[in-house]
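1. Could you look at this predicted model? Sequence included:
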Amino acid sequence: MATIQLDDLDRQLIEQLGRDARVSNRKIAAELGVTEGTVRGRIKRLQQERLIAFTAITGLEMEAKSRLAFLSIQADVDNVRAIGRQISELPLINGVMITMGQFNILAICLFDELDCLVNVASDKILSLPGVHHVETSIAVKTFKYNTRVARITEDGLITGLNR
């Protein structure tokens, strides 16, 4: 995997777009002291390198499956990446991360009925070879979720401005 090379202009451009992705290239160029062509070229390169993408981020209220759960998973250390990939293929799972601590995988899912969550946690994940324990935490109230910290894309990538 190639090393990501971002200079100060790239970072400033990403910061501007992170505040308002609908802002015009002309306005960004004026604020950053560069030409509109430079802004357009940088945005195109950042998109081609999959470092940025433009999307509408919906709130949980917009999702048909509006209940959020976190699944903390203890798995064999030697197979944690393979197990994480298997979990990420489950339809109800929206995000999978390898973590440090008591649990080495964290999965995020949206569900509508508790039976669906039980099915995923107990029947699907816990039955995977190498998985020892699954604990679920259901979000009952979300006070803050800052999409600028980590944006989770449809293909499961987690991106952030602070790499």
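-> Arrived safely, thanks for sending. Numbers count the residues shown, from 1 in each chain.
2. Could you use CA atoms for every contact and neighbour count after this?
-> Fine.
3. could you pull out the strands for this protein?
-> 67-75, 93-98, 105-111, 131-138, 151-152, 158-159 (DSSP state E).
4. JSON lines for these, including mean pLDDT, distance to Lys44 and mean neighbour count?
-> Output for the strands of the chain, formatted as JSON lines (pLDDT from 0 to 100; distance: least, Cα to Cα, whole Å; neighbours: other Cα atoms under 10 Å):
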{"stretch": "strand 67-75", "mean pLDDT": "93", "distance to Lys44": "34", "mean neighbour count": "21"}
{"stretch": "strand 93-98", "mean pLDDT": "92", "distance to Lys44": "27", "mean neighbour count": "20"}
{"stretch": "strand 105-111", "mean pLDDT": "92", "distance to Lys44": "31", "mean neighbour count": "21"}
{"stretch": "strand 131-138", "mean pLDDT": "95", "distance to Lys44": "39", "mean neighbour count": "15"}
{"stretch": "strand 151-152", "mean pLDDT": "44", "distance to Lys44": "19", "mean neighbour count": "16"}
{"stretch": "strand 158-159", "mean pLDDT": "42", "distance to Lys44": "18", "mean neighbour count": "16"}
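5. looking at the ones you listed, which is closest to Gln5?
-> Closest to Gln5 of the strands of the chain is strand 158-159 (Cα to Cα; 15.2 Å).
6. about what we covered before: compare the strands of the chain and report which one is nearest to Leu13.
-> Per Cα to Cα, nearest to Leu13 of the strands of the chain: strand 158-159, 16.0 Å.
7. The strands of the chain into TSV, with extra columns for distance to Leu9?
-> TSV is the format used below for the strands of the chain (distance: least, Cα to Cα, whole Å):
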stretch	distance to Leu9
strand 67-75	37
strand 93-98	30
strand 105-111	34
strand 131-138	41
strand 151-152	21
strand 158-159	19
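8. mind checking which of those is nearest Glu49?
-> Of all the strands of the chain, it is strand 158-159 that lies closest to Glu49, at 12.9 Å by Cα to Cα.
9. okay, stretch 127-134 in PDB with CA atoms only?
-> Extracted in PDB, the C-alpha atoms of stretch 127-134 (Å, rounded to 0.1, in the frame of the first residue of the first chain):
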ATOM      1  CA  SER A 127     -20.900 -19.500  15.800                       C
ATOM      2  CA  LEU A 128     -17.900 -18.400  13.800                       C
ATOM      3  CA  PRO A 129     -14.800 -20.600  14.500                       C
ATOM      4  CA  GLY A 130     -12.400 -18.700  16.700                       C
ATOM      5  CA  VAL A 131     -15.000 -16.400  18.300                       C
ATOM      6  CA  HIS A 132     -15.200 -16.900  22.000                       C
ATOM      7  CA  HIS A 133     -17.500 -14.200  23.400                       C
ATOM      8  CA  VAL A 134     -19.800 -11.500  22.100                       C
END
